[in-house]
Every structure is written in C-alpha cells, then in structure tokens.
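Peer 1: okay, predicted coordinates and the sequence, questions at the end:
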Amino acid sequence: MLILFSIFLLFSLAAADMPASFYQAMSNVNTEDTLCVKNYDAGASVTESYKDFEHLEKETQIVSRSYNTSNIEKDYTRGNASLEVNINSNVMGKAHIAWQSKETMPDLMGRHVTYSRATEDLMGVFNIEKFIQLWSNSTLGYVSIDWLPCG
C-alpha cells in the first residue's frame with residue numbers, strides 16, 4: 001500500500017511541476033497530413049493536403065509510371081508516362097486537393113505551358129472519392145473510362 005501511495009505522490013508532483021503554458025501549447029497543436037507527387041516525364045503533379053483535422057481516415061493509392069524513355073539527356077522524346085491517383089477519405093477538418101498538367105519541354109522563353117490544373121479546398125465534415133488520371137502522349141481516343149449513368 002505504501003508503494004502505491006508513493007507512486008501516486010510522484011506522479012502528482014510531476015504533473016504539478018508543469019507550467020500552465022505547457023498545457024495550453026499541447027491543446028493548440030495543429031494537425032497536418034500532406035502528400036505531393038510529381039512525375040517529370042508526364043509533366044504531372046498532384047497534391048493532397050489535410051490540415052486542422054479532428055478526424056481523418058484516408059486511403060490514397062498513387063501509381064507513377066515512365067516507360068519507353070531513352071535516358072539520353074539530349075533526347076526530348078520522353079516516351080509515355082502517367083500519374084494516376086485514387087483518393088478515398090473521410091475528413092472532419094480542412095482539405096486541399098490539387099493537380100496540374102504541364103508541357104515537359106520549355107518554350108523559347110524557358111517556360112513550361114500549363115495544359116490544365118484544378119484545385120479544390122474544403123472545410124467541414126465530408127467524404128472525398130476522387131480518381132485523377134494524367135497521361136503524356138495520349139490522344140482522346142487512347143484512354144477510355146466507362147462512366148455510370150446518373151439514375
């Protein structure tokens with residue numbers, strides 16, 4: 001019994017020695033979960049970021065491919081490349097989802113032309129289900145996705 005009382009007394013004294021600012025700082029900790037993936041051969045990038053969340057369940061699958069590349073620095077035929085992202089998350093907080101597709105070769109001014117980009121900022125309680133597919137060297141008929149009709 002004396003040993004239990006001694007342990008309790010030690011823990012009480014240790015907790016009492018902590019200043020109030022310690023507990024205030026611990027309650028103001030910001031949560032953040034950020035993922036950014038770039039595929040330079042495809043000219044594609046994706047960002048998935050969650051901040052100030054109370055609850056976060058996420059399953060993100062990313063496949064980045066580069067194939068048929070020559071590995072010669074002066075050869076600008078990059079072959080085929082792709083960046084595919086599948087996001088499934090349940091969030092109570094803030095989210096930022098963004099993607100961008102650019103030309104891999106710079107123009108005469110040294111800039112890379114942006115083909116498309118999108119950003120989505122959310123705050124509250126929500127679910128995200130998103131599939132992003134960015135390919136280089138593909139035409140409209142080359143990539144085919146089957147869509148379910150609205151019912």
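Peer 2: Yep, it's here. Residues are numbered from 1 along each chain as shown.

Peer 1: quick one: mean pLDDT over stretch 57-64.
Peer 2: The average of the pLDDT scores along stretch 57-64 is 93.

Peer 1: what of stretch 97-112?
Peer 2: 85.

Peer 1: ok, and what's touching it?
Peer 2: Outside of stretch 97-112, the residues within contact range by Cβ atoms under 8 Å, 6 or more residues apart in numbering are 40-49, 76, 78, 85, 87, 113-120, 122, 128, 130, 132, 134, 136. From N, CA and C alone the C-beta is placed, and that goes for glycine too.

Peer 1: check which residues of it are buried.
Peer 2: Within stretch 97-112, the residues that qualify as buried are 97-102, 104, counting by 16 or more other Cβ atoms under 10 Å.

Peer 1: in helices, which of those residues appear?
Peer 2: Judged by DSSP state H, the subset of the buried residues of stretch 97-112 located in helices is empty.

Peer 1: ok so, going back, quick one, which of the contacts of stretch 97-112 are buried?
Peer 2: 41-48, 78, 85, 87, 128, 132, 134, 136.

Peer 1: looking at those, which is nearest residue 33?
Peer 2: The shortest gap between residue 33 and any of those belongs to residue 48, at 8.3 Å (Cβ to Cβ).

Peer 1: in this protein, which spans are helices?
Peer 2: The residue ranges that make up the helices of the chain, judged by DSSP H, are 2-16, 20-27.
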